[in-house]
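Engineer: return a 3D structure for these sequence lines:
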Amino acid sequence: WQQKKNDNQPLSDAVYGTGPNPVIPAFIDDASTIPSGNVDYLKEVYQPANNMALNLGVAKAADKSNFYLGLNYNREEGLAKYTLFDRLTLRMNSAFKLSDRITIGENLSIGYTSTNREPEGRTLEGALFQYAIIPMKDNLGNWGGPVKNLGDRLNPLGQLYLNRDNKSRSWRTFGNVYTDILLVKGLTYHGSFAADIINGGFKGFSPKYTMGRFIREANSLTQNTNSTLNLTATNTLTYQLQQGDHDIQALAGYEWINNKFGSFFVSRSNFALENSDYQFL
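Structural biologist: Residues are numbered from 1 along each chain as shown. Below is the predicted model of the structure:
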């Protein structure tokens, strides 16, 4: 309104009326279902976030063996409401000296993550630029949204709420076994085999909604899964000779790598019920 005044434009607006001063209407839509609000969207969308980390470890070391077992749990709330990151990790390392010439060992890590991220990554933009006159809810219980000339941004808190159960989940297992063998003086064999296994996916349900003039008339469910298998086998011979001021080192080896990846995506729309118990394909 002030901008129109400064530019000597006609003082008329679809929301604030016509006349020397803007008038806050009782309702911002013609059907009188969306009352005028005074919303601080940044305050409504963001929250103090709590982070928690729990760690438990057991270690033992001896002349011919060492062992470590660790458990770690991280839970991080997002600054935006209804966002969360969970991670649980188990680690185990051990090594055993079977003789003066032979050592064997292993490393194992198993991790699980669950993430609920912001939809479309535009929550901050929506909270910054949404018009304060748009209420959080209308009189019919729908999330408030833009009408007339009040922009085209959906309700940022409404988007977070509707996305609250849509999570990405992932399991990852990485492990390797190895051996070191002193064949003769100065000549050492090292062999290892490693596997990296990742299985994850996403399940997302998009319900029907009304946000101002934006209406989604059909709900839908999408699911995708993906799997990755990386295998690596390594065999090396290392020779080292020290004589006087001379130091000779030589390395020869062979490595085999095999990578596989697969994914699957499926979707369906028009569910009769939107309860989470029925959100399955």
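Engineer: going forward, measure contacts between C-alpha atoms and count neighbours the same way
Structural biologist: Fine.
Engineer: can you tell me the helix or strand for the closest residue to residue 280 other than its chain neighbours?
Structural biologist: Closest residue in space to residue 280, ignoring its immediate chain neighbours: residue 221 at 7.9 Å, by C-alpha to C-alpha, 6 or more residues apart in numbering. Taking DSSP states H and E as the definition, residue 221 sits inside strand 220-243.
Engineer: list the buried ones in that strand?
Structural biologist: Across strand 220-243, burial judged by 16 or more other C-alpha atoms under 10 Å covers 220-223, 225, 227, 229, 231, 233, 235, 237.
Engineer: what's the answer for stretch 265-277, then?
Structural biologist: Applying a neighbour-count criterion of 16+ other C-alpha under 10 Å, the buried positions in stretch 265-277 are 271, 274.
Engineer: before we move on, what about stretch 20-36?
Structural biologist: Buried-residue list, stretch 20-36, by 16+ other C-alpha under 10 Å: 27-29, 33-36.
Engineer: can you tell me the average pLDDT over it?
Structural biologist: Here stretch 20-36 scores 93 as its mean pLDDT.
Engineer: endpoints of it, how far apart?
Structural biologist: 20 Å (C-alpha to C-alpha, to the nearest Å).
Engineer: what about it, distance to the chain center?
Structural biologist: Chain-centre distance of stretch 20-36: 40 Å, with C-alpha atoms, centre = their mean, to the nearest Å.
Engineer: returning to that earlier point: what pairs with the strand holding residue 221, parallel or antiparallel?
Structural biologist: Sheet pairing for strand 220-243, assigned by DSSP bridges, gives strand 187-206 (antiparallel), strand 246-269 (antiparallel).
Engineer: give me the contacts around the longest one.
Structural biologist: Going back to what we said before, that points to strand 246-269. Outside strand 246-269, the residues within contact range by C-alpha atoms under 8 Å, 6 or more residues apart in numbering are 218-242, 281.
Engineer: do the same with stretch 185-195
Structural biologist: With C-alpha under 8 Å, 6+ apart, stretch 185-195 has contacts from 173-183, 229-241.
Engineer: re the thing from before, would TSV of the strands paired with strand 220-243 with mean pLDDT be doable?
Structural biologist: Converted to TSV, the strands paired with strand 220-243 look like this (pLDDT from 0 to 100):
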stretch	mean pLDDT
strand 187-206	96
strand 246-269	95
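Engineer: need the winner for burial among those strands.
Structural biologist: Sort those by mean neighbour count, taking mean count of other C-alpha atoms under 10 Å, and strand 187-206 sits at the top with a mean of 18.
Engineer: what's the helix or strand following that one packed up against?
Structural biologist: Downstream of strand 187-206, the first helix or strand assigned by DSSP H and E is strand 209-211. Packing partners of strand 209-211 (3 or more C-alpha pairs under 8 Å, 6 or more residues apart in numbering; DSSP states H and E): strand 214-216.
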